[in-house]
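Asks: sequence below, structure please.
(one chain, ligands or ions: 1)
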Amino acid sequence: MALKEVIVSDIVHETPSIISIYLSRPDGTPIGHYTPGAHIDVEGPTAITRQYSLCGRPDGDDAYMVAVKREPDSRGGSAALHDLKVGDALKISESRNLITIAPEASHHILVAAGIGITPMLSIARYLDVRDGSFELHYFASSEEQAAFLPVLMEKCPDKLHAHMGVQRDAQNEIIERMTGAAPEGSHVYVCGPQGFMEKVVSICSARFGPEEIHMENFHAAEPGDDVENTPFVVELDGESYDVPADRSIVDVLNENGAEIDTSCREGICGTCIMEVLEGTPEHRDNVLTAAEKEANETIATCVSRAACPKLVLDYY
Ligand code: FES
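Replies: Presented below is the predicted three-dimensional model:
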């Protein structure tokens, strides 16, 4: 995927472990709008690429803003971004969106834990200025660790439910109450650590269908111990190719002249998604929604495989 160069135009310390980084075009021209909930790939100084939600104003076009948490076990990704200085250069992708606001929903329930607040910021801001009906549940270990809490308290105090330092069992009760009280026509949007998102989805599934629950997932799925790859055939543009057990679909197709973009190569960013014309995928990604996986009309070709002898694919 083509990346574009940007410069760091400002850095703000939001909490002891989270900074906001403002990214501008080197020539000062507007960087452009994005849709609420969108994210970008950021290639840091160590050439490690990670996905970060855009959390400034979706309709402001002077700079992008991403929030980066310094991970204690960082292999150079978040730690290198925390060492940036104003004026440093970075490379970023075009924005993409995997957690769009559902136009059919009459009420939006945003649920975030920790750094998972980042995609919710632009969604909340978008809904707030348009008088959209929403509520924001923000779980964090403490107020000190809750990035953007002051601005949320200032801008949308009546929509914000700040759950600081809540133990796991009590979290369940809050989510159950929230689910039970949701008005008809609500959709749920969740982002946070993997275990937290699974818990929210599991509790909300008692009330909401898979198409009414939206997730932003920047974690690669853990491969199961008993998962074994088998070879299969993939067809594109009338040509068939063997996908051996130790190769991915996208690698085989690109080796044969297709030019399919990739970014994370872990099934979390959505760059490599293709359309499934025939056959049944075995989904192993964390990017498609439960409803999309059930529909079997798309596949993340960097990690997912076939649950049948042959898949016929097309560009998405
Ligand atoms: S390259 Fe990111 S999902 Fe496949």
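
Asks: going along the chain, name the helices of the stretch 51-200 of the chain.
Replies: Counting by DSSP state H, counting those that start in this stretch, the stretch 51-200 of the chain has helices at residues 77-82, 117-129, 149-155, 168-181, 194-204.

Asks: please identify the most buried of those.
Replies: Across the helices of the stretch 51-200 of the chain, the average number of neighbours (mean count of other Cβ atoms under 10 Å) peaks for helix 117-129, which reaches a mean of 24. Every C-beta, even on glycine, is put in place using the N, C-alpha and C of the backbone.

Asks: what mean pLDDT does that one get?
Replies: The average pLDDT for helix 117-129 rounds to 94.

Asks: for stretch 216-223, same thing?
Replies: Mean predicted confidence for stretch 216-223 is 68.

Asks: next, format the helices of the stretch 51-200 of the chain as JSON lines and append distance to residue 63.
Replies: Output for these, formatted as JSON lines (distance: least, Cβ to Cβ, whole Å):
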{"stretch": "helix 77-82", "distance to residue 63": "16"}
{"stretch": "helix 117-129", "distance to residue 63": "14"}
{"stretch": "helix 149-155", "distance to residue 63": "16"}
{"stretch": "helix 168-181", "distance to residue 63": "34"}
{"stretch": "helix 194-204", "distance to residue 63": "29"}
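
Asks: which strand residues bridge the residue positioned nearest the centre of the chain?
Replies: Centroid-nearest residue in the chain, with Cα atoms, centre = their mean: residue 216, separated by 3.6 Å. Applying DSSP bridges to residue 216 gives these bridge partners: residue 191.

Asks: do you know how far the closest residue to residue 196 other than its chain neighbours is from residue 182?
Replies: Distances taken as Cβ to Cβ, 6 or more residues apart in numbering put residue 113 closest to residue 196, at 4.4 Å, once the chain neighbours are dropped. Distance, residue 113 to residue 182, using Cβ to Cβ, to the nearest Å: 18 Å.

Asks: tell me, how many residues neighbour residue 239?
Replies: Neighbourhood size, residue 239 [other Cβ atoms under 10 Å]: 11.

Asks: with adjacent residues omitted, what lies nearest to it?
Replies: Per Cβ to Cβ, 6+ apart, closest to residue 239 is residue 256, 7.3 Å.

Asks: cool, residue 217 as well?
Replies: residue 286 (4.3 Å).

Asks: likewise for residue 115?
Replies: Spatial nearest neighbour of residue 115, chain neighbours left out: residue 69 (4.5 Å); criterion: Cβ to Cβ, 6+ apart.

Asks: so that neighbour is in contact with residue 118, correct?
Replies: No: counting by Cβ atoms under 8 Å, residue 118 is not a contact partner of residue 69; they are 9.2 Å apart.

Asks: from memory the residue nearest to residue 196 sits against residue 195, does it?
Replies: No: counting by Cβ under 8 Å, residue 195 is not a contact partner of residue 113; they are 9.4 Å apart.
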